[in-house]
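Student: 3D, please:
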Amino acid sequence: MKPLTDAEATAVIKESITRIVPDADFTPVQPDDRFRDVLELDSLDFLSLVELLTERTGVRIDEEDYRELTTLADASRFLVDRSTDAAGSAP
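Tutor: Numbers count the residues shown, from 1 in each chain. Take a look at the predicted model:
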């Protein structure tokens with residue numbers, strides 16, 4: 001797995017949310033907004049998002065990591081950091 005850039009991580013997050021909520025409007029979502037609240041994602045939507053992000057990025061997301069996926073900026077930073085760590089530890 002290659003490390004994600006911030007732009008790639010943000011794009012994969014938005015694309016994944018759009019797969020779950022096809023009519024999601026990101027216009028009102030600022031990088032530091034709690035996107036689950038703004039986009040009205042319920043807990044099942046969020047779990048689907050976690051699964052999609054794991055599938056699409058190869059980044060393992062455990063339950064204790066969920067608090068890192070609160071805002072677009074936090075979620076993007078989490079994916080970038082984890083993908084960088086994983087790439088650095090790959091043989």
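Student: what's the neighbour count on the closest residue to residue 16 other than its chain neighbours?
Tutor: Of all residues not flanking residue 16 in the chain, residue 52 sits nearest, at 4.1 Å (C-beta to C-beta, 6 or more residues apart in numbering). Heads up, the C-betas are built off the backbone N, CA and C, glycines and all. By other C-beta atoms under 10 Å, the residues close to residue 52 number 17.
Student: The one 5 residues further on too?
Tutor: Using other C-beta under 10 Å, residue 57 has 21 neighbouring residues.
Student: Next up, the contacts around it.
Tutor: Listed by C-beta atoms under 8 Å, 6 or more residues apart in numbering, the contact partners of residue 57 are 1, 4, 9, 12, 79, 83.
Student: wait, what's in contact with residue 29?
Tutor: 35, 38, 39, 72.
Student: Next: residue 22.
Tutor: No contacts exist for residue 22 under C-beta under 8 Å, 6+ apart.
Student: Regarding it, what is its secondary structure?
Tutor: What DSSP: H, G, I helix; E, B strand; the rest coil gives for residue 22 is coil.
Student: Also the one 5 residues further on?
Tutor: Of the three states, residue 27 takes coil under three-state DSSP.
Student: quick one, phi/psi of it?
Tutor: With angles defined as degrees, to the nearest 10, residue 27 shows backbone torsions of phi -50, psi -50.
Student: Over to residue 54?
Tutor: phi -60, psi -50.
Student: I figured it hits residue 61, correct?
Tutor: Yes - look at residue 54 against residue 61 with C-beta atoms under 8 Å: they come within range, at 5.4 Å.
Student: Looking at those two, which is more packed in?
Tutor: Between residue 54 and residue 61, counted using other C-beta under 10 Å, residue 61 has the larger neighbour count: 19 against 14.
Student: a strand runs through that one, doesn't it?
Tutor: No - Residue 61 sits outside any strand when classified using three-state DSSP, being coil.
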